[in-house]
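Asks: Sequence and predicted structure below; questions after.
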Amino acid sequence: MAINWIETEIIEHTRWTDSLASLKFKGNVPTYTAGQYTKVGLHIDGELVSRPYSYVSSPNDDYLEIIYVNVPDGVLTPKLHELKVGDKLQVMEKSVGFFTMNEVPDGKNLWMFATGTGLGVFISLLKTSDPWERFDNVILVHGVRHSNELAYQDQISEFDKNKPGKFTYIKTVTRETIDGCLNVRIPEGIKSKQFEELSKVVIDKDSQFMICGNPDMINDTVELLNEKGLERNRRSKPGNITLEKYW
């Protein structure tokens, strides 16, 4: 299927760490649904090289945003890492994907599990009204290796400020011991019930789970949730677990 590309312009380039960064850009891209992904690309050696990225921005924002990790021996990300304000970026016209709130069945509690850049799609979703209107409790769990990878802290603080008593943010860092952070992988936090203790929310069939990030984390997390009688959410058979794998 042919892809229609739109030229956009970089308006901000934030470097969270030496390799973790986010790009904000503007262009005449059609409205998308929070949770969807696009492809971004650059012309490299006469060829348009592109990769898929979920939007961090929401349809309510007047800009577009992605978060990425610079892979030094990669083809695209080293070039993305060089972009400056005013530079051009090609973006796929039509956003796609089903990691959206309208695909998630109703429930009492919404658990969002993310590793690394998987956080970005949840920022997009939480900027919209749907999660807050449909669920009594929203719990965001973000797992990273190092504490400087805990991006978007100001935005997360805004969620907490604007939704008092409704939002719980749990951060876990696996390769450092940091005050205010757990030191466990997400599956271990579920198994030990540390997430339930911190959020004061029970993991049960009244909950919906959205999981995004490292496939190993996703597979291990789904296995643990399956043991609790929770199943994948499918259009043909609604369940409790909605997934987005990053590779």
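Replies: Nice, I can see it.

Asks: Most remote residue from the middle of the protein, which is it?
Replies: Ranking residues of the chain by C-alpha distance from their mean position (Cα atoms, centre = their mean) puts residue 46 at the top, at 31.7 Å.

Asks: thinking residue 192 is in contact with residue 185, fair?
Replies: No: using Cβ atoms under 8 Å as the test, residue 192 is too far from residue 185 to be in contact (10.4 Å). For every residue, glycine as well, the C-beta is placed using N, CA and C.

Asks: Tell me who's in contact with residue 35.
Replies: The contact partners of residue 35, by Cβ atoms under 8 Å, 6 or more residues apart in numbering, come to 54, 97, 98, 99, 100, 101, 121, 124, 125.

Asks: Just the CA coordinates for the strand ranked longest in the chain, please, in PDB.
Replies: Ranked by number of residues, the top strand in the chain under DSSP state E is strand 5-15. Extracted in PDB, the C-alpha atoms of strand 5-15 (Å, rounded to 0.1, in the frame of the first residue of the first chain):
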ATOM      1  CA  TRP A   5       3.900  11.600   3.300                       C
ATOM      2  CA  ILE A   6       3.600  15.100   4.700                       C
ATOM      3  CA  GLU A   7       6.500  17.400   5.400                       C
ATOM      4  CA  THR A   8       6.600  18.800   8.900                       C
ATOM      5  CA  GLU A   9       8.900  21.200  10.700                       C
ATOM      6  CA  ILE A  10      10.800  20.600  14.000                       C
ATOM      7  CA  ILE A  11       9.800  23.100  16.700                       C
ATOM      8  CA  GLU A  12      11.500  21.400  19.700                       C
ATOM      9  CA  HIS A  13      14.100  18.700  20.400                       C
ATOM     10  CA  THR A  14      14.400  17.600  24.000                       C
ATOM     11  CA  ARG A  15      17.300  15.300  25.000                       C
END
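
Asks: what mean pLDDT does it have?
Replies: Here the mean pLDDT over strand 5-15 is 98, rounded to a whole number.

Asks: So which bits of it are buried?
Replies: 8, 10, 13 (16 or more other Cβ atoms under 10 Å).

Asks: Report how many residues lie close to the closest residue to residue 185 other than its chain neighbours.
Replies: Closest residue to residue 185 apart from its sequence neighbours, by Cβ to Cβ, 6 or more residues apart in numbering: residue 174 at 6.0 Å. Summarising burial for residue 174: neighbours were counted as other Cβ atoms under 10 Å, giving 16.

Asks: Residue 174 and residue 226, how far apart?
Replies: Using Cβ to Cβ, to the nearest Å, residue 174 is found at 23 Å from residue 226.

Asks: ditto for residue 210
Replies: The span separating residue 210 from residue 226 equals 16 Å under the rule Cβ to Cβ.

Asks: More neighbours: these two, which one.
Replies: Neighbours were counted for residue 210 and for residue 226 using other Cβ under 10 Å; residue 210 has more, 26 against 13.

Asks: what's the helix or strand harbouring the more buried one packed up against?
Replies: Secondary structure from DSSP states H and E places residue 210 in strand 207-213. Contact analysis of strand 207-213 by 3 or more Cβ pairs under 8 Å, 6 or more residues apart in numbering; DSSP states H and E lists strand 109-115, helix 119-126, helix 215-227, strand 241-245 as its packing neighbours.
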